[in-house]
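Student: what would the 3D arrangement of this be:
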Amino acid sequence: EAQLVESGGGLVQAGGSLRLSCAASGFSFDDYAIGWFRQAPGKEREGVSCIDSRPGNTYYADSAKGRFSISVDRARDTVNLQMNSLKPDDTAVYYCKGVDYGAPSDYWGRGTQVTVSA
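Tutor: Down below sits the predicted model:
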């Protein structure tokens with residue numbers, strides 16, 4: 001069974017950057033969607049960005065456009081989220097989610113905390 005493990009969260013000042021990584025062991029990158037969600041205190045979990053092999057596009061929430069960039073490193077089986085120009089509103093637990101269309105199954109990581117101070 002696949003496992004997703006996030007890393008890279010932390011405390012950063014507004015305007016700063018963080019790079020989140022999701023190590024996807026046992027996950028099939030043949031036919032998939034994989035990306036990032038986040039959940040702030042008292043709010044629902046929301047999608048941030050994803051890559052979908054059907055049809056090979058990347059997607060960003062409006063709040064992430066122009067500031068975040070998602071990428072897949074097939075050599076390391078990781079999914080990275082580069083986050084620039086961070087704002088206090090970006091404070092949340094960030095979760096990696098992968099969908100294996102071939103299984104079909106979906107997987108969640110346990111999350112990594114991102115805190116942006118004003």
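Student: assign L86 to helix, strand or coil.
Tutor: coil (DSSP: H, G, I helix; E, B strand; the rest coil).
Student: wait, G8 sits on L18?
Tutor: Yes: using CB atoms under 8 Å, G8 makes contact with L18 at a distance of 6.1 Å. No exception for glycine: its C-beta is placed from N, CA and C like everyone else's.
Student: looking at these two, which is more packed in?
Tutor: Legend: neighbour count by other CB atoms under 10 Å for G8 and L18, higher for L18 (21 against 16).
Student: residues contacting the residue nearest to the spatial centre of the chain?
Tutor: The chain has W36 as the residue nearest its centroid, 2.5 Å off, counting by CA atoms, centre = their mean. Residues counted as contacts of W36 (CB atoms under 8 Å, 6 or more residues apart in numbering) are 20, 22, 47-50, 70, 79, 81, 94-97.
Student: what segments of the chain are strands?
Tutor: Per DSSP state E, the chain carries strands over the ranges 3-7, 10-13, 18-25, 32-39, 46-52, 57-60, 68-73, 78-83, 92-100, 105-108, 112-117.
Student: columns mean pLDDT on top of these, output as a markdown table?
Tutor: Below are the strands of the chain laid out as a markdown table (pLDDT from 0 to 100):
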| stretch | mean pLDDT |
| --- | --- |
| strand 3-7 | 97 |
| strand 10-13 | 98 |
| strand 18-25 | 97 |
| strand 32-39 | 96 |
| strand 46-52 | 97 |
| strand 57-60 | 95 |
| strand 68-73 | 96 |
| strand 78-83 | 97 |
| strand 92-100 | 97 |
| strand 105-108 | 94 |
| strand 112-117 | 98 |
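Student: excluding chain neighbours, what is closest to R45?
Tutor: Spatial nearest neighbour of R45, chain neighbours left out: Q39 (4.2 Å); criterion: CB to CB, 6 or more residues apart in numbering.
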